[in-house]
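> Structure, please.
(6 chains)
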Number of protein chains: 4
Amino acid sequence: MWILDRSVYFPGVDRRLTQRGRDRRRQLMDFAAHRFADHGYHPTSVAEIVQGMGVGKGVFYWYFSSKEELFLEILAEAQVDLRRRQQQAIGEVQDPVQRIERGIRGSVEWLAEHRHLIGLFQFAASEERFAPALRQGQEMAVADVVHHVKDGILAGQFRDSDPFVLSHAILGVTHHLAQVFVFERDEPASSVADAAVEFCRHGLLGMGSRGRGAVRAS
Amino acid sequence: MWILDRSVYFPGVDRRLTQRGRDRRRQLMDFAAHRFADHGYHPTSVAEIVQGMGVGKGVFYWYFSSKEELFLEILAEAQVDLRRRQQQAIGEVQDPVQRIERGIRGSVEWLAEHRHLIGLFQFAASEERFAPALRQGQEMAVADVVHHVKDGILAGQFRDSDPFVLSHAILGVTHHLAQVFVFERDEPASSVADAAVEFCRHGLLGMGSRGRGAVRAS
Amino acid sequence: MWILDRSVYFPGVDRRLTQRGRDRRRQLMDFAAHRFADHGYHPTSVAEIVQGMGVGKGVFYWYFSSKEELFLEILAEAQVDLRRRQQQAIGEVQDPVQRIERGIRGSVEWLAEHRHLIGLFQFAASEERFAPALRQGQEMAVADVVHHVKDGILAGQFRDSDPFVLSHAILGVTHHLAQVFVFERDEPASSVADAAVEFCRHGLLGMGSRGRGAVRAS
Amino acid sequence: MWILDRSVYFPGVDRRLTQRGRDRRRQLMDFAAHRFADHGYHPTSVAEIVQGMGVGKGVFYWYFSSKEELFLEILAEAQVDLRRRQQQAIGEVQDPVQRIERGIRGSVEWLAEHRHLIGLFQFAASEERFAPALRQGQEMAVADVVHHVKDGILAGQFRDSDPFVLSHAILGVTHHLAQVFVFERDEPASSVADAAVEFCRHGLLGMGSRGRGAVRAS
DNA sequence: GATGAATGAGTCTTCATTCAT
DNA sequence: CATGAATGAAGACTCATTCAT
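Numbers count the residues shown, from 1 in each chain, chains lettered A, B, ... in the order given. Got it, this is the predicted structure:
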């Protein structure tokens, strides 16, 4: 029993890890995630990763069974982490409108903090090996949103359209604005979140104004 | 000379091509685009492409100076083509609302017809070698939309928010819905376009109904 | 009979050539020789040669059966030409000392005029495919010199050492000085020839002075 | 740390090597040098080298960053080694005439022992990629000789001609006689050295005799 | 746990040569 | 004669993965 307190299983390698081991593993994942994001998954070699960390090749394969598994794990963890952040952001709020707004804000903030991961999501979508894993995580995220959207429709707050579609639309707006304005243009997360929230609420026609914090000074 | 009418230079190879040559080149681009979309850029080898076309390996390098250049050209052509379709869809219509609606519909239709290219866009965004080219084309597309959005704001039809941001939001919704519902779920382009148009007009709150053509029968 | 006046056989291709054909052939050889000298034999592709001449690939293989054969022919022709120049330089002179001096001068002059070919000789020596051909030509050149050296020894003008060795020593001095001072440093042929003649006559000890034309101002 | 004494960096690979690694590296260089000498640089493929050594292809690139770099290193090492041998041969002798004689003898001996490298020098001269490196080493060798020749001139032992030119003449004689009589004809090094020394001292006219050891029995 | 070394299939690319038109 | 097109073997080099120590 007490062993389990200090060494836990990780996927990919059937092996218990001590605290030090877990740290190493984490460092490797973080380092690799950044390299993948900067140069792309394929152009980043395992040699590059271990060299950059100043360790031998054996270390890598001690913690991960393959480069592919490492990527998959980075991906899964990121999605879990993003979802957790959304849930934290929503907290105990009941109003569907606010729940969605907070979800969007949480997402943008997380994406701003882990902006390098945005590119990994996009890459994952482009390769059949990784697309299913990406999709799976995305569906969970959408399911959360769908839940709130349905509530909003029932409460008469949202127009009566397919909640699944609306949810994906929200995701599309949020991720794209984050990609363009946070990742590429380095705008502050809050402004980008404002814009995403506004657009999701009113689209083009609603009465929102730029006063509440437009992304661009323009 | 009339010969010049028939054999013209192409980028990547400093060489005139006859009609037959141009045809081959096109076949290669189309074939490669599909392979890239199916298996990813990196996992698709040049050997695979030429084998799939039943030609020798030299043929590839007769028409393209490298695999990278081929990809870049596929990308550029796709962006030009998508933009052309949007402009055709808009035609001579004057009303900004309609212009945007038609632009969205044109985009979704084009994406439905060339659905394999969606993944290439995503991959291109994930690798620093290709991202600039992608961004460049995307900026032209956004510039078009910005134009219409500005007109709509001036006409009092749209809320007074940053047109650049709104345009990117429109793009985000459109591409993401196309990716999920057209590419992944094979829904008809018109329904997806309806949903995108509706969301862009009203966001979550507007009075749109699912009656005009929901994406999902649900 | 009259046909032979206008079209003659060439090695490598079993084919009669018209005057125009012979010109083309010559242009190809000259152009290729320069490319070979500049970039090396292997790094120079047939495509590069025909492109540089603005003709199609077929032309090359119309006149030469292979790249190798072309090189061999350039080599043979150069050696024949160099030998002819030596003989011309010697003319009807009888004195062995003068014969050798004139031979050296003729060689240096020829090498200065065809300086790009020096590198080809060196390359040929380094590859077993071409070395025999080179050696064969070189032996003829040496045989000429040996003849004069023997005469000089018999006449008591030269010291009684192995004529074959002395001849090779003369060749070594001449070619190396030409390579270093004509090819690499662009000194005038006459000065280089002076130095070679002087060294061959007296070695280090003789009473020669730099007055008759040193290679370097220094 | 004592570890640093045993694992040191080598050019071309940014990597420390153990003793075993250094041995492998040396084996590769020696093996490749022989192959290059036998078949030529270009006709010798990396595959051939590793196959001949019975190791995998990766081994080559573990120790050398490219085939070109390997060649350059062989070249540099050979030049350094030849120079070292010359200096050893000269030792503490003071007389310029003897210094040069010993230098020539040392060179011929070294060339006889490493006769395969003569061809590499020649090849290197013929390709612009390698010529500069060759020249650089050659200039150091010449500089040594120039030093002795100047001394000899000052001492009134040699005729007053450009020392730089004389030095190159000495090199030309020595290398060419080594190439022809040692490499091609397998004569003993000492005889060839005798002939070179004699020619460099007296040229054609001096009083040397074949008695002291002619190259050819003739 | 960790390292340097090794593997070898696989990648992109080149190029001498041939051929239909 | 000449060209653009095509061939495909061969080349240099990479890299995920494994292994002896």
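
> helix/strand/coil for the closest residue to chain C within chain A?
With CB to the nearest CB, the shortest gap between chain A and chain C falls at residue A:43, namely 28.4 Å. C-beta: built from backbone N, CA, C; applies to glycine. Under DSSP: H, G, I helix; E, B strand; the rest coil, the three-state class of residue A:43 is coil.

> what are the ranges of the strands in chain A?
Ranges of strands in chain A, per DSSP state E, are A:8-10, A:13-17.

> Which of these comes out lowest on mean pLDDT?
Of all the strands of chain A, mean pLDDT reaches its minimum on strand A:8-10 (a mean of 49).

> Which parts of chain A are helices?
Taking DSSP state H as the criterion, chain A contains helices spanning A:2-6, A:19-39, A:46-53, A:57-63, A:67-90, A:96-113, A:116-126, A:131-154, A:163-177, A:189-202.

> With mean pLDDT and mean neighbour count added, can I get those helices in CSV?
What follows is the helices of chain A, written out as CSV (pLDDT from 0 to 100; neighbours: other CB atoms under 10 Å in any protein chain shown):
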stretch, mean pLDDT, mean neighbour count
helix A:2-6, 38, 8
helix A:19-39, 91, 16
helix A:46-53, 93, 15
helix A:57-63, 92, 16
helix A:67-90, 96, 18
helix A:96-113, 96, 22
helix A:116-126, 94, 23
helix A:131-154, 94, 17
helix A:163-177, 96, 25
helix A:189-202, 95, 24
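
> Excluding covalently adjacent residues, which one is nearest to residue A:29?
residue A:74 (5.7 Å; CB to CB, 6 or more residues apart in numbering or on different chains).

> Surely that neighbour and residue A:120 touch.
Yes. Contact between residue A:74 and residue A:120 holds when scored by CB atoms under 8 Å: they sit 6.8 Å apart.

> Quickly list what's touching both of these two.
A:33, A:36 (CB atoms under 8 Å, 6 or more residues apart in numbering or on different chains).

> quick one on the thing from earlier: mind checking which of the helices of chain A is nearest residue B:142?
With CB to CB as the criterion, residue B:142 lies closest to helix A:163-177 of the helices of chain A, at 10.9 Å.

> Which secondary structure elements does that closest one sit against?
The contact analysis (3 or more CB pairs under 8 Å, 6 or more residues apart in numbering or on different chains; DSSP states H and E) places helix A:163-177 against helix A:96-113, helix A:131-154, helix A:189-202, helix B:163-177, helix B:189-202.

> Apply 10 Å and report the result again.
Applying 3 or more CB pairs under 10 Å, 6 or more residues apart in numbering or on different chains; DSSP states H and E, we find helix A:163-177 packed against helix A:96-113, helix A:116-126, helix A:131-154, helix A:189-202, helix B:163-177, helix B:189-202.

> Helix A:189-202 and that helix, what's the angle between them?
150 degrees (axes from the mean of the first three to the mean of the last three CA atoms, to 10 degrees).

> Tell me which of the helices of chain A sits nearest to residue D:165.
Of all the helices of chain A, helix A:46-53 comes closest under CB to CB, at 51.6 Å.

> thinking again about what came up before, can you name the residues that contact the residue nearest to residue A:29?
A:28, A:29, A:30, A:32, A:33, A:36, A:37, A:41, A:117, A:120, A:124 (CB atoms under 10 Å, 6 or more residues apart in numbering or on different chains).

> so how far is chain D from the third one?
Using CB to the nearest CB, to the nearest Å, we find residue A:30 at a distance of 24 Å from chain D.

> same thing with the second one?
In this structure, residue A:29 and chain D are separated by 26 Å, where distance is defined by CB to the nearest CB.
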